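**Student:** Sequence and predicted structure, then a few things I'm wondering about:
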Amino acid sequence: MKDDHKNFVIFALLAAVILFGWPTIQHWIFPQQNPAPTQIQGGETKVLPQPGADPTANSPKALRDRQIVLAESPRVQIETPALRGSINLKGARLDDLVLTKYDETVDKNSPPIRLLSPGGAAGAYFAQFGWQGAGVQAPGPDTIWQASGTKLTPTTPVMLTSTSPTGQIFRIELSVDQNYMFGIRQTVANVGSTPVSVTPYALLSRANRSLDADQWAAHVGPVAVADRAANYINWKDIESTPEQLATTGGWVGYSDHYWLTALVPDQRVPVQLQHRGTTAQAYQADYQLAQPLSLEPGKKVTYSSRFFAGAKEVKLLEGYQDELGIVQFDRAIDWGWFGVIEQPIFYYLDWLFRLVGNFGVAIILLTLTIRALLFPIAQKQFASMASMRAIQPKMKALQERYKDDKQRQQQEIMKLYKQEKVNPLAGCLPMLLQIPIMFALYKVLLLTIEMRHQPFVAWIRDLSAPDPLTPLNLFGLLDFSPPTFLAIGVIPILLGVSMYFQMKLNPAPMDEMQKQIFSLMPWLLMFMMAPFAVGLQVYWITSNVITILQQQWLYSKHPALKEPVKKEAKAK
């Protein structure tokens with residue numbers, strides 16, 4: 001009895017640590033979701049602005065208003081079905097880009113995602129293309145290029161031209177497709193009288209780290225593919241030492257949670273990829289050819305590359321990889337170790353979504369599919385539980401008989417398992433199978449932009465975010481925001497209730513301590529799951545409901561599970 005009290009105190013302390021320290025624990029052990037994009041205030045859903053969306057949000061870097069900076073230089077407009085922005089003719093920079101298909105928040109008046117911004121404005125982030133060379137004065141960051149047109153569209157490429165005092169003509173032909181891929185053709189014509197040596201390069205300049213937090217399950221930050229391997233690089237590592245990678249085929253860029261910029265050199269030519277940063281937190285990704293190009297008088301040379309700036313849509317990235325031959329371009333999404341499970345789940349879930357038109361319903365149908373596939377295993381689990389239930393009195397008697405000899409106790413219990421042909425681990429198999437499936441589904445919901453801002457029902461306007469509706473402040477009617485660890489939404493509460501009824505259907509354990517632990521477990525899990533994506537909670541609730549129905553049916557097949565355990569008389 002004394003040991004039971006001691007165990008209960010230990011469990012209560014652990015429960016308190018989990019309950020109140022869970023946000024901290026989750027931050028560095030488990031994948032994190034972005035904050036909910038909405039908040040309930042005064043009984044209404046209010047959209048929270050995304051940090052950094054306002055030019056003044058980054059005041060130390062906000063030297064001038066973005067519109068003022070954009071007006072200071074001549075520009076060529078960019079207009080495609082997916083992009084809007086402009087090319088800076090001063091320095092030949094792609095420094096103004098908005099993703100028209102994606103909004104900052106779920107609010108109907110939300111502005112679209114701004115990916116690139118010019119130097120001198122808040123969150124400066126741009127791509128630049130140019131040359132280095134010997135015996136040649138290449139265009140620099142202050143060079144004003146001449147444009148062949150006023151607008152870049154999928155059907156109207158634009159040629160930028162600049163003439164060097166040393167007798168070379170530099171051209172950059174820019175094209176763009178219907179999505180997010182730019183084509184870059186850099187040409188140098190030597191009209192001078194002496195040979196020159198030129199090396200084309202491209203760079204990405206970024207004034208700040210990403211506003212998205214880097215995560216254990218989803219990389220955010222510098223990324224490069226070299227020698228057919230993806231390199232996910234930490235911001236702080238390149239601040240001390242540049243990361244340099246020699247490769248033929250690959251790319252270099254920056255990965256945000258849902259967005260990507262990537263410089264893609266000619267996949268057939270050896271290049272040097274590089275990531276570097278400074279103590280002022282300015283970052284640069286670039287590449288240049290491993291060997292310079294020699295150019296005789298009267299000759300010209302052209303180097304072709306690509307630049308991606310847009311959303312990390314799974315099928316789009318894979319399409320570019322297959323059609324354009326970009327090495328490992330799909331690795332812009334950090335699938336991790338469970339990619340072999342995550343990708344089939346994504347494709348099936350995406351197919352269901354296109355079939356029914358509601359991502360929440362698609363998740364429910366996915367759950368039904370998974371549980372149907374696991375049903376034969378669940379039957380074996382319940383049969384094993386029935387057998388274990390039947391031998392409980394004998395196990396209890398052995399525990400009493402050999403309570404002072406633990407080694408002998410374990411030997412006798414194992415002998416009992418063998419005699420009764422019971423496998424105590426058989427009941428754990430479905431749970432072990434569910435763990436990688438649950439984690440894989442979580443990563444699918446976390447990584448893929450396809451579920452971002454997808455509504456379900458009523459107040460659930462984003463299945464990729466936590467439930468914003470909590471009864472602790474009467475759904476926003478009371479003018480206070482509960483602490484993070486108490487901000488339990490309606491969906492997590494339903495999850496806890498479903499787990500409670502599921503556990504109630506299970507036979508009560510004989511040990512009182514175990515009873516107490518099992519009675520608290522649903523509510524602890526409710527608190528632990530509250531910060532996770534609503535989509536994952538919908539999966540778990542559906543799975544619990546199916547389990548309850550399944551248990552009802554299987555209990556009829558294995559009535560021994562519901563029979564009370566009879567205590568066996570103590571051996572003399």
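**Tutor:** Received the coordinates, thanks. Numbering: from 1, shown residues only.

**Student:** only C-alpha atoms for contact and neighbour calcs from this point on.
**Tutor:** Will do.

**Student:** any idea which residue sits dead centre in the protein?
**Tutor:** Closest to where the C-alpha atoms of the chain average out (Cα atoms, centre = their mean) is Leu447, at 2.8 Å.

**Student:** can you tell me which residues contact that residue?
**Tutor:** Contact partners of Leu447, counting by Cα atoms under 8 Å, 6 or more residues apart in numbering, are 218, 257-258, 333-335.

**Student:** if we go to 7 Å?
**Tutor:** Ala218 (Cα atoms under 7 Å, 6 or more residues apart in numbering).

**Student:** give me phi/psi at Ser464?
**Tutor:** Note on Ser464: its backbone torsions stand at phi -90, psi 0 [degrees, to the nearest 10].

**Student:** Hmm, I typed the wrong one, I wanted Thr156.
**Tutor:** Residue torsions, per degrees, to the nearest 10, at Thr156 are phi -130, psi 90.

**Student:** Kindly report the same for Thr248.
**Tutor:** Here is the backbone geometry of Thr248 (degrees, to the nearest 10): phi -120, psi 110.

**Student:** Report how many residues lie close to the nearest residue to it once chain neighbours are set aside.
**Tutor:** Excluding the flanking residues, the one nearest Thr248 by Cα to Cα, 6 or more residues apart in numbering is Pro270, at 4.3 Å. Residues near Pro270, counting by other Cα atoms under 10 Å, number 17.

**Student:** Name the next helix or strand downstream of the longest helix along the chain, please.
**Tutor:** Longest helix in the chain, counting residues (DSSP state H): helix 359-390. For helix 359-390, the following helix or strand on the C-terminal side (DSSP states H and E) is helix 392-401.

**Student:** counting contacts, what elements does the following helix or strand past that next one pack onto?
**Tutor:** Using DSSP H and E, the next helix or strand after helix 392-401 towards the C-terminus is helix 406-420. Packed against helix 406-420 by the contact rule (3 or more Cα pairs under 7 Å, 6 or more residues apart in numbering; DSSP states H and E) you find helix 392-401.

**Student:** Show me which positions of the helix it packs on end up buried.
**Tutor:** For helix 392-401, burial by neighbour count (16 or more other Cα atoms under 10 Å) applies to 392-399.

**Student:** Please list the residues outside whichever strand or helix holds Gln132 that contact it.
**Tutor:** Using DSSP H and E, Gln132 falls within strand 125-134. For strand 125-134, the external contacting residues (Cα under 7 Å, 6+ apart) are 92-95, 116-118, 138, 196-207.

**Student:** on that earlier part again, against which helices or strands is the longest helix of the chain packed?
**Tutor:** Counting contacts by 3+ Cα pairs under 7 Å, 6+ apart, helix 359-390 is packed against helix 339-356, helix 534-557.

**Student:** So for it, what gets flagged as buried?
**Tutor:** Applying 16+ other Cα under 10 Å to helix 359-390 flags 359-368, 371, 377-379, 381-390 as buried.

**Student:** Isn't Asp103 up against Asn109?
**Tutor:** No. Using Cα atoms under 7 Å, Asp103 is not in contact with Asn109; the gap is 8.9 Å.

**Student:** Which one of those two is surrounded by more residues?
**Tutor:** Comparing Asp103 with Asn109 by other Cα under 10 Å, the one with more neighbours is Asp103, at 17 against 10.

**Student:** Backbone torsions only: list them for the residue nearest to Thr248.
**Tutor:** phi -60, psi 130.

**Student:** Check Met499 too.
**Tutor:** Note on Met499: its backbone torsions stand at phi -70, psi -40 [degrees, to the nearest 10].

**Student:** excluding its backbone neighbours, what's nearest it?
**Tutor:** Met499's closest residue in space is Pro522 (Cα to Cα, 6+ apart), at 5.4 Å.

**Student:** Looking at the one you found now. What's its pLDDT?
**Tutor:** Confidence at Pro522, expressed as pLDDT, is 81.

**Student:** For it, give me its contacts.
**Tutor:** Applying Cα under 7 Å, 6+ apart, the residues contacting Pro522 are 496, 499-500.

**Student:** if we go to 10 Å?
**Tutor:** Contacts of Pro522 were listed using Cα atoms under 10 Å, 6 or more residues apart in numbering, and they are 493, 495-503, 528.

**Student:** which one among the residues you listed gets closest to Ser86?
**Tutor:** Using Cα to Cα, Met528 comes nearest to Ser86 of the contacts of Pro522, at 45.5 Å.

**Student:** picking that back up, the residue nearest to Thr248 and Gln291 touch, don't they?
**Tutor:** Yes. Using Cα atoms under 10 Å, Pro270 is in contact with Gln291, at 7.9 Å.

**Student:** Look at the nearest residue to Glu313 once chain neighbours are set aside and report its pLDDT.
**Tutor:** If the residues on either side of it in the chain are set aside, Glu313 comes closest to Ile449, at 6.2 Å by Cα to Cα, 6+ apart. Note for Ile449: predicted pLDDT of 91.

**Student:** who touches Ile449 in this structure?
**Tutor:** By Cα under 10 Å, 6+ apart, the contact set of Ile449 is 102, 257-259, 311-314, 464.

**Student:** among these, which are in strands?
**Tutor:** Under the assignment DSSP state E, the contacts of Ile449 contribute 102, 259, 311 to strands.

**Student:** got a winner among those residues for most neighbours?
**Tutor:** That'd be Ala311 among the ones in strands among the contacts of Ile449, by other Cα under 10 Å, with 26 neighbours.

**Student:** Just grab the bridge partners of it for me.
**Tutor:** For Ala311, the beta-bridge partners are Trp259 (DSSP bridges).

**Student:** check contacts around it.
**Tutor:** Neighbour list for Ala311: 82, 99, 101-102, 113, 115, 179-180, 255-261, 317, 448-450 [criterion: Cα under 10 Å, 6+ apart].

**Student:** Which ones among these map onto helices?
**Tutor:** Leu317.

**Student:** Check the contacts of Ala311 for burial and list the buried ones.
**Tutor:** Buried among these (16+ other Cα under 10 Å): 82, 99, 102, 113, 115, 179-180, 255-261, 317, 448-450.
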